[in-house]
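Asker: please find the sequence and the predicted model below.
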Amino acid sequence: MSYKLRGLGLDLTMEQCSPNDFACVQRNVARGDILYNAGKPTLGYDPNDFIGRPAPSLPAPPSPYTVLGLPAPAAAAPPPAAPISGGRLAFTSSRGSNSLQVGDTWLVSITGASPNMPVTVSGSMPSGAFSGSAMGSTDGAGNFSKAGAVSAADIGNWAENWAVGGVSSGAVSFSVSAKPAPVPGVVLPAPAPAPAPGGSTLVLPVVAGFDLGSIPWWGWAGAAGLAFLAFGKGGR
């Protein structure tokens, strides 16, 4: 069916609409509304009766599932997020134990954690407790490592709990002590003089701080000769 309103040039041809094509149905209703207003018994023709007027509100077309009595399909649930893994913590030191001294180095490593997740540490140190200190993030394979050295400011007991994405990776406790002072070397006594060839060892005393054993044999021989001359002359 097709109508043209004289003077307006409106083509009111009805469209063949699908029941589910709401826009098409609205256009046909608007065309029928225009024809209805144009055919009302009025003294004059006023285009404002139907031009610019908002389209009548219509109920939404029924769902084909309702018409056929079938249950509407349930919306697909989003896939569950993978649980965050904290991985496993390992603590090593250059001393090979958890009893460190000033100047020692340490290494914290986390393996098998969720990739690209923030790494934090909480616990207690000699100056007090700390919580959620940011230390970096795991790499694309879920690994993390951090190394350092202890100083005199770190002396005391430490307890740390490391976490990846808020999930614990493990805990570690260690202590830091001052480096002990070096022990002075032990002074050994001087070795005994070697025995004279074919004779026994003669150990001489120290007189007034002077070691008589340090005088060579020829010194003693000369001294004996001088004594013989001195006493020999005196006896004559």
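Answerer: Good, I have the coordinates. Numbering: from 1, shown residues only.
Asker: show me the strands in this structure, by range?
Answerer: For the chain, strands defined by DSSP state E occupy the ranges 4-5, 10-11, 88-93, 99-101, 105-111, 118-125, 128-137, 144-149, 156-164, 167-177, 206-207, 210-211.
Asker: now these in CSV, with mean neighbour count and mean pLDDT?
Answerer: No exception for glycine: its C-beta is placed from N, CA and C like everyone else's. Listed next are the strands of the chain as CSV, based on neighbours: other CB atoms under 10 Å; pLDDT from 0 to 100:
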stretch, mean neighbour count, mean pLDDT
strand 4-5, 13, 50
strand 10-11, 14, 59
strand 88-93, 16, 96
strand 99-101, 16, 95
strand 105-111, 18, 97
strand 118-125, 17, 95
strand 128-137, 11, 93
strand 144-149, 14, 95
strand 156-164, 18, 96
strand 167-177, 17, 96
strand 206-207, 9, 47
strand 210-211, 11, 50
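Asker: of all those strands, which lies closest to residue 78?
Answerer: The minimum distance between residue 78 and the strands of the chain falls on strand 167-177, with 21.6 Å, by CB to CB.
Asker: now do the closest one and strand 118-125, the angle between them.
Answerer: 40 degrees (axes from the mean of the first three to the mean of the last three CA atoms, to 10 degrees).
Asker: related to what we said a few turns ago, switch the strands of the chain over to TSV; also include distance to residue 26.
Answerer: As requested, the strands of the chain are exported to TSV (distance: least, CB to CB, whole Å):
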stretch	distance to residue 26
strand 4-5	19
strand 10-11	16
strand 88-93	64
strand 99-101	80
strand 105-111	62
strand 118-125	53
strand 128-137	55
strand 144-149	61
strand 156-164	56
strand 167-177	55
strand 206-207	129
strand 210-211	128
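Asker: give me the domain ranges for the chain.
Answerer: With domains defined by automatic domain parsing, the chain comprises 4-64, 88-177.
Asker: format those as a markdown table; extra columns: distance to residue 81.
Answerer: As requested, these are exported to a markdown table (distance: least, CB to CB, whole Å):
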| stretch | distance to residue 81 |
| --- | --- |
| domain 4-64 | 32 |
| domain 88-177 | 11 |
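Asker: looking at these, which is closest to residue 76?
Answerer: domain 4-64 (17.9 Å).
Asker: worst-scoring helix or strand of the protein, pLDDT-wise?
Answerer: Using mean pLDDT, DSSP states H and E, strand 206-207 stands out as the lowest-scoring helix or strand of the chain, at a mean of 47.
Asker: many thanks, I have nothing further to ask.
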